[in-house]
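Colleague: let's see this in three dimensions:
(5 chains, ligands or ions: 4)
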Amino acid sequence: MRIDIQRKSFGGSDVLGRLRLDIRRGQRIAVLGPSGVGKSTLLRIIAGLDRDFPGSVGGDERLSVVFQEPTLLPWRRALDNITIPTGCDLALASDLLKRVGLQDQLDRFPRQMSLGQQRRLSLARAFAARPDILLMDEPFASLDPDTATRMIDLTGDLLDHSGAGLILVTHEAREPVRLAARPLLLRGDPATLHEDGQTI
Amino acid sequence: MRIDIQRKSFGGSDVLGRLRLDIRRGQRIAVLGPSGVGKSTLLRIIAGLDRDFPGSVGGDERLSVVFQEPTLLPWRRALDNITIPTGCDLALASDLLKRVGLQDQLDRFPRQMSLGQQRRLSLARAFAARPDILLMDEPFASLDPDTATRMIDLTGDLLDHSGAGLILVTHEAREPVRLAARPLLLRGDPATLHEDGQTI
Amino acid sequence: GGPGRAQDQSLPEITVGALQNGTVTWELQTIMDQGLDRDNGFRLRVLPLAGNPATQIAMNGGEVDSIVSDWLWVAQNRARGADFTFLPYSTAVGGLVVPADSDIAGPDDLDGGRIGIAGGPVDKSWLILRAWYRQQSGADLADVTEQVFGAPPVIQNAAETGQVDAAVNFWHYLARMKAGGMREVIDVAQAAGDLGLDPSTPLLGYVLRDSWIEDKPELARGLARASRQAKDMLAQDDALWDRLRPIMDAANDAEFAALRAGWRAGIPPAGPVDAANAQAMFAVMAELGGEELTGGLSRLPDGVFWSGD
Amino acid sequence: MPGILSLVAMLVLWVVVARISDDPRTMPGPEAVAMRLWQITVTGELWFHAGMTLFRVLASFALAMAVGVALGLWMGRSRTADQWLNPGLVIALNVPALVIIVLAYIWIGLNEVAAILAVALNKIPVVTVMLREGTRALRPDLDDMATAFRMSRAARLRHVVMPQLAPHVAAAARAGISLIWKIVLVVEFLGRSNGVGFKIHLLFSSFDVAGVLAWALAFVAVMLAIDIVVLRPWEARLSRWRRDED
Amino acid sequence: MPGILSLVAMLVLWVVVARISDDPRTMPGPEAVAMRLWQITVTGELWFHAGMTLFRVLASFALAMAVGVALGLWMGRSRTADQWLNPGLVIALNVPALVIIVLAYIWIGLNEVAAILAVALNKIPVVTVMLREGTRALRPDLDDMATAFRMSRAARLRHVVMPQLAPHVAAAARAGISLIWKIVLVVEFLGRSNGVGFKIHLLFSSFDVAGVLAWALAFVAVMLAIDIVVLRPWEARLSRWRRDED
Ligand SMILES: Nc1ncnc2c1ncn2[C@@H]1O[C@H](COP(=O)(O)OP(=O)(O)OP(=O)(O)O)[C@@H](O)[C@H]1O
Ligand SMILES: Nc1ncnc2c1ncn2[C@@H]1O[C@H](COP(=O)(O)OP(=O)(O)OP(=O)(O)O)[C@@H](O)[C@H]1O
Ligand SMILES: [Mg+2]
Ligand SMILES: [Mg+2]
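Modeller: Ligands and ions are numbered 1, 2, ... in the order given. Predicted coordinates for the structure are as follows:
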């Protein structure tokens, strides 16, 4: 898919400047940058949740998103929180829940889970949608190091198997390395993407 | 203050086992442990938000809490989100907002801020309450490394100045070190506190 | 229904919408009980309703062939294009009553008092009372007293509990109130007489449609005859009243007797209504009632009163 | 238990007030009312009239909720729809019940359809308003989630929107069924020959306070039963996710 | 603009229907109604009666909202209060307006206090129910926050609870003021000597549909004005925080 943003502003002040980005199945990109620079805004634009900007986002790839907050349906149990939004079958949903370490929590409502557990649930949901391109907004934050490593490896595995593309927003330098993702830096005001010090 | 928990269970299954803990002004404790072990549950009990357990939590220290999620009043602007819950004056509130790097956002509503900015707002709010003991649940998660470092140092400074105690829940080994907090490990099922491999 | 009603199925039906516990039901019940409808070539069906507004809606909606209302209502609707006409049913009017122990002995004592009125500011009894009072004393009763308007039972209660000093109510409420010990200070029929109006002018009547009468003249005449026969029987035969007693809702013998007497007193004279008398009465009421009462009419339209043939 | 106790307390209060006022005509005690209730029960009158009224209440309730929820959702989600329909809504909200009922009877006829339609027309704008306010408060993050995962319209409505609207629907249902029954009373008064409203107005015009209370309480009991048997359990089921335990 | 356009569209529809039905008695066109409206305006009648009605509406509205919101909050927050008060609430909700009004007039007297109290009593349970359902849906995390920071009761109510209840209060206010005005009509019908309800019933009893519509629409216009001038801006101000821009 092709992203071409001329700028993105909130209430008059520009947050994002000119941005162009191509991404296909199999490609992996990591977006790094300081807090408040516009990473989530960019991801929302790519996901098609924000269309209020000059520019275009094109492509017919199937996307799925791990939001910066878990964003679960509080009134549905863990298993349903996977099957309902993604429409996947029960077998896949419980397999994924097992792989993110929630095999004992299938029947819990979100507020009966710890935040880290909710995070992993939202991770499993994104995988269950079988995306062509996976968009992740700091998916491994607030997980303990062991769990985080397991989740990163799981993500890598699943991407290897499905051949899906990845856009990962993160603060941790080790995550792009472990996932073999091309690290891009979002910085400036308005923010633009940089690779190895070069604006792209 | 003195915490004496015999156990804490949700719907029949024990999450926390026997726990005893003393904390006074000037003392700093860090609680580490895997996701879902019961760290937030412990913190909620200490903060007096969960009283449904056998045991006691005593002491008349003034507490303040940084929740694992920002937990702001969505309908109040940043500045009001500090002054209203804590009752502090405007000067202190804007000074703190400046120190957490939100000097440009005083008039924003929470949903117009990035998650990292909301986090810092909630941090400033906890400081504004001038606590005797500060309870923090992963306060530096989902901040970029630079910002995180600045926030950690700010926390240390403020604690040094006010002489307040600290209970910090975190996943990162470097945070207790930088804050000179005594690291305790929460683990097991039901979970208990361990120090240097010893149950306490 | 009485014996033999089963064979009546072949007879044409007349539907009358009536208050289930109203005084009209007494006459309608007698017509059915005595087979007067069958004798006059129709079958009477009563659509029981719970309020006067309901009967008026039913009539305007074309759901019933007839209801009972006053000729003012007929005139107003006729002026607006409805082809309603009026067949006399009763001359009963109200009066002004005060509690038994009241200091009010006559109309002169009303000055400065509170009067409860059931029919609203354009109630016919109230307007005639005002005209009469003006004739007597030169002052308007509406100016020298305070009025409280309300639903008939609310007014009855207000009078009985002393919230108002005097009350004007519909005749059957008055009958009960008087049976309960209240005292009549002014009789509206008499006041009308003093004003030179004919007290035998019927105010209430069956409302019929011109078009319906044209279609089924023999049915309309049958209804008129049956009504008259029922009135004649009820005027004389106490036994008929004993049969009606269960639906009359009389609390005691005194109330029962008062209701019976009141109803009998209201039986209009046979024969067509004298339009001139009605016109005179209308003029008196229109002067005080204004637009609200007349609905913009300056005089009664032609054809308000059905001659009966 | 507290529910029953509080009913008993109210009953005692009633007895005391009736004793003190000592005027059985305007303030009949519970015994008098109970006797009337017993009478209409054994004669079977109660079942017939209450049945007719209940039928009208349920029919117009179903109609009003269906239309009102749909309209409210639409107006809450779409600014355009809201701007276009709002004047009509405010007018519909404020046209007196009496006017709607009379016009329905005159234009449609004195029949059950007109009655039920008149009641529903009175109630629809109220449901619409309540649902519109609720819809405006929907969580945008869950909306985004549904969009991102391309949830179907039906799934979205059922799993994302409706659970958030449940408190508003519950409020609309509870306030609504009672409003409806009040309007049914007027409808029955103005143009039906049976039903609780018909009876109450008849008894009122003969100033039979005990009788009016007997009929009113009989139907209140029906509504109380509906509340306890249908609405409460439904709400409890819907709010399970708020509880701590699993 | 769409608002005005839609009003125009309704007007056109009315003209067309009136033309087609061609029965000015039961279906008067807007011209006829406008003429009546003009008449009552120039004679000054409108201002007096509409003023009286508006006074009654506002007085009972204020009373009903204050009591209803307080009760609803209490019942929503405390399980005990809810269990004790619920039967009373369901009964109050379902006692027919007529019964309450008549009893108020009988027990208190035929005066303004009885009228306003009767209306408020009819409305309070509805507000209570709406607020109770809203209170049950309050966010527990913000509650915890308030507890943790030991916010005072007043601050908590004002800054944590009320903003969450705003949509419910708005719905209750909007549905409420219209319900109130409907009940005021009945109250005026049964025992007042002025007000729009008094006039409407007077005209209705002479079956003057154009007159009834003129009065009804005059007051609907008042309500529409209140909606546009008071309620809408208030709501807009309250929901600023939902918007994207700053
Ligand atoms: N309200 C609840 N009802 C039932 N179970 C709960 C509830 N809250 C927490 N739990 C369970 O208790 C355990 C501890 O939860 P807690 O939130 O304390 O974990 P945590 O250590 O803070 O984890 P994390 O690092 O992911 O935030 C979890 O397994 C969770 O599923
Ligand atoms: N709805 C909004 N209205 C106004 N300003 C907004 C809005 N959303 C975001 N912003 C501003 O846009 C900037 C970028 O926000 P964004 O959420 O994209 O940051 P981010 O890079 O994801 O930060 P973080 O790492 O803290 O999540 C921030 O300064 C924020 O204050
Ligand atoms: Mg972000
Ligand atoms: Mg936690």
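Colleague: which one is D:R136 nearest to, not counting chain neighbours?
Modeller: Of all residues beyond its chain neighbours, the one nearest D:R136 is D:G76 (5.1 Å), with distances taken as CB to CB, 6 or more residues apart in numbering or on different chains. From N, CA and C alone the C-beta is placed, and that goes for glycine too.
Colleague: what is the mean pLDDT for the host helix or strand of the one you found?
Modeller: Secondary structure here is read from DSSP states H and E; on that basis D:G76 sits in helix D:45-77. For helix D:45-77, the mean pLDDT works out to 92.
Colleague: so which bits of it are buried?
Modeller: Neighbour counts over helix D:45-77 (16 or more other CB atoms under 10 Å in any protein chain shown) mark D:46, D:49-50, D:52-54, D:56-57, D:59-61, D:63-65, D:67-69, D:71-76 as buried.
Colleague: near chain E, which residues of chain A?
Modeller: Proximity of chain A to chain E is confined to A:F10, A:G11, A:G12, A:D52, A:R111 under the rule CB under 8 Å from any CB of the partner chain.
Colleague: what's the neighbour count on the third one?
Modeller: Taking other CB atoms under 10 Å in any protein chain shown as the criterion, the count of residues near A:G12 is 7.
Colleague: likewise the one 4 residues further on?
Modeller: Other residues near A:L16 come to 26 when the count uses other CB under 10 Å.
Colleague: and it, bridged to which residues?
Modeller: Taking DSSP bridges as the rule, A:L16 bridges to A:K8, A:A191.
Colleague: list the contacts of it.
Modeller: The contact partners of A:L16, by CB atoms under 8 Å, 6 or more residues apart in numbering or on different chains, come to A:I5, A:R7, A:K8, A:G38, A:T41, A:L42, A:I45, A:F53, A:P190, A:A191, A:T192.
Colleague: how close does the residue nearest to the second one when sequence neighbours are not counted get to A:T41?
Modeller: If the residues on either side of it in the chain are set aside, A:R7 comes closest to A:D14, at 5.1 Å by CB to CB, 6+ apart. Applying CB to CB, to the nearest Å, one obtains 11 Å for the distance of A:D14 from A:T41.
Colleague: more neighbours: these two, which one.
Modeller: With other CB under 10 Å as the criterion, A:D14 and A:T41 differ in neighbour count, and A:T41 comes out ahead with 21 against 14.
Colleague: next one, pLDDT for the more buried one please.
Modeller: Model confidence at A:T41 (pLDDT) stands at 93.
Colleague: ok, it to chain E distance?
Modeller: In this structure, A:T41 and chain E are separated by 11 Å, where distance is defined by CB to the nearest CB, to the nearest Å.
Colleague: figure out the helix or strand that that residue lives in.
Modeller: With secondary structure defined by DSSP H and E, A:T41 is part of helix A:39-46.
Colleague: C:R245 too?
Modeller: When elements are defined using DSSP H and E, C:R245 is found to belong to helix C:238-248.
Colleague: show me which residues of chain A are close to ligand 1?
Modeller: A:R111, A:Q112, A:M113, A:S114, A:L115, A:G116, A:Q117 (CB under 6 Å from any ligand atom).
Colleague: so where is the stretch 101-250 of chain C shaky, pLDDT-wise?
Modeller: Counting by pLDDT under 70, the stretch 101-250 of chain C contains no low-confidence residues.
Colleague: going along the chain, name the strands of it.
Modeller: Taking DSSP state E, counting those that start in this stretch as the test, the strands found in the stretch 101-250 of chain C are C:114-117, C:146-149, C:166-169, C:183-187, C:204-209.
Colleague: deepest of the ones you listed, which one?
Modeller: strand C:166-169 (a mean of 26; mean count of other CB atoms under 10 Å in any protein chain shown).
Colleague: partner strands of it, parallel or antiparallel?
Modeller: When pairing is defined by DSSP bridges, strand C:166-169 lines up against strand C:95-98 (antiparallel), strand C:114-117 (parallel).
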